[in-house]
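just coords:
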């Protein structure tokens, strides 16, 4: 069984244009050194699509939709939630920048099918700038102040110590683990028993009496 897996792995490496075996046949290495993609070039040849038409609900369909404009290198359709559901947007990466530009000109603002919703298409670089501006807006002090004003106008009671307290009301205070009404004094305990005679030297002594000498 081990020999069969080894032979299968060797066959996969030999069939790959990007991998090769070392001279001793014990290591796998790249045919060409790995080069990190240029972010600007990658952003120029990658398109952002929103909203995605219901017909474009899988990677193969999206790839086939944009294949006439050039070779598609990668398709990404983000999901969220449980069960996993499409988030309504996606990315299509072309192998060449001019192919992405042709798809952008031909498909931006047009529905994927007759009667469908128009699809907005941006380059990934444009999408990243738009997302940054949006994040700056929603986290700005102006938006935070507007949210606080909305909460105050809605009359939602503020929270104090994890418990809901009505506006203007005072939270109940606790002393020694027992509930004590505001202004009242907690009951004191002496000797651990309520109203019991105090103990001194191991013998019971009634209140007001003196110990026998």
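Alright, I've got the coordinates. The structure presented is a predicted model; accordingly, all values stated were derived computationally and were not measured.

in the chain, which spans are helices?
Per DSSP state H, the chain carries helices over the ranges 2-15, 39-44, 59-66, 97-107, 124-138, 141-154.

which strands and helices lie in contact with the fourth one?
Looking back up the chat, that one is helix 97-107. Counting contacts by 3 or more C-beta pairs under 8 Å, 6 or more residues apart in numbering; DSSP states H and E, helix 97-107 is packed against helix 39-44, strand 46-50, strand 90-94, strand 118-123. All C-beta atoms are positioned from the backbone trio N, CA, C, and that covers glycine.

recalculate using a threshold of 6 Å.
Contact analysis of helix 97-107 by 3 or more C-beta pairs under 6 Å, 6 or more residues apart in numbering; DSSP states H and E lists no helix or strand as a packing neighbour.

any stretches of the chain with poor pLDDT?
For the chain, the stretches flagged by pLDDT under 70 are 34-37, 155-213.

the same query, at a cut-off of 90, please.
Applying pLDDT under 90 to the chain flags the ranges 1-44, 50-62, 73-74, 78-89, 95, 107-213.

find the centremost residue of it, please.
The residue lying closest to the centre of the chain (C-alpha atoms, centre = their mean) is residue 80, at 9.1 Å.

what about the closest residue to it other than its chain neighbours, distance to residue 139?
Distances taken as C-beta to C-beta, 6 or more residues apart in numbering place residue 87 nearest to residue 80, at 5.4 Å, with adjacent residues excluded. Separation of residue 87 from residue 139 (C-beta to C-beta, to the nearest Å): 21 Å.

these two: which is more packed in?
residue 87 (14 against 9; other C-beta atoms under 10 Å).

does the residue nearest to the centre of the chain have beta-bridge partners, and which?
In this structure, residue 80 bridges to residue 85 when assessed by DSSP bridges.

these two touch, right, it and residue 88?
No: between residue 80 and residue 88 there is no contact under C-beta atoms under 6 Å: 10.0 Å.

kindly provide the distance from the residue nearest to residue 80 to residue 110.
Counting by C-beta to C-beta, the separation of residue 87 from residue 110 is 21 Å.

try residue 101
Residue 101 sits 16 Å away from residue 110, going by C-beta to C-beta.

neighbour-wise, which of the two wins?
For residue 101 and residue 110, the more surrounded residue by other C-beta under 10 Å is residue 101, and the numbers stand at 17 against 10.

please report how far the more buried one lies from residue 44.
For residue 101, the distance to residue 44 under the criterion C-beta to C-beta works out to 8 Å.

coming back round to it: and of the helices of the chain, who's closest to residue 50?
The closest of the helices of the chain to residue 50 is helix 124-138. By C-beta to C-beta, the value is 8.8 Å.

buried residues of that closest one, list them for me.
Under the neighbour-count criterion of 16 or more other C-beta atoms under 10 Å, helix 124-138 has 124-125, 127 buried.

name the residues that touch it?
The list of residues contacting helix 124-138 from outside it, by C-beta atoms under 6 Å, 6 or more residues apart in numbering, reads 43, 46, 48.
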